[in-house]
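>>> Need coordinates for the below:
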Amino acid sequence: MTRYYIDDDGISQPMPEPTGQGVKKLSWELARKIRIEYAQTGQSQSMLARKYDVSVLAIGNIVRGKTYKENTSAKPMELLPVDGVRAMSPEDKVQGN
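A predicted model of the protein is given here:
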């Protein structure tokens with residue numbers, strides 16, 4: 001039985017058959033797309049796995065943030081002086097009039 005998915009243009013497409021070729025490295029952009037698609041469309045992880053030709057485990061790890069995890073704990077960039085003027089930091093208090 002052929003299964004179908006709706007592509008980005010709203011057109012029904014047949015899902016590719018898994019190749020079983022082993023590990024497939026996805027791009028960060030595709031991992032983000034999978035997360036968004038999972039959250040917004042309600043497609044099952046197994047349907048997404050067939051669509052992107054990866055394992056269900058890979059999809060599950062992506063949507064749970066175990067792999068391709070976004071770095072949300074990065075420190076803010078250091079504020080550097082520009083032309084002798086020091087940039088304000090979050091610790092600086094704005095003085096009212």
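>>> what about the strands in the chain?
4-6, 12-14 (DSSP state E).
>>> which residues touch the first one?
Pointing back at strand 4-6 there. Residues from elsewhere that reach strand 4-6 (CB atoms under 8 Å, 6 or more residues apart in numbering): Ser12, Gln13, Pro14, Met15, Thr41, Gln43, Met47, Lys51. Every residue, glycine included, has its C-beta placed from N, CA and C.
>>> Give me the buried entries from the residues you listed.
Listed as buried from the contacts of strand 4-6 are Met15, Gln43, Met47, Lys51; burial here means 16 or more other CB atoms under 10 Å.
>>> Among those, pick out the one closest to Thr67, please.
Lys51 (17.5 Å; CB to CB).
>>> And the closest one, how far from Lys25?
17 Å (CB to CB, to the nearest Å).
>>> before we move on, the earlier item: among the strands of the chain, which comes closest to Arg32?
Nearest of these (CB to CB): strand 4-6, 17.9 Å.
>>> Could you pull out the helices in this protein for me?
28-41, 45-52, 56-63 (DSSP state H).
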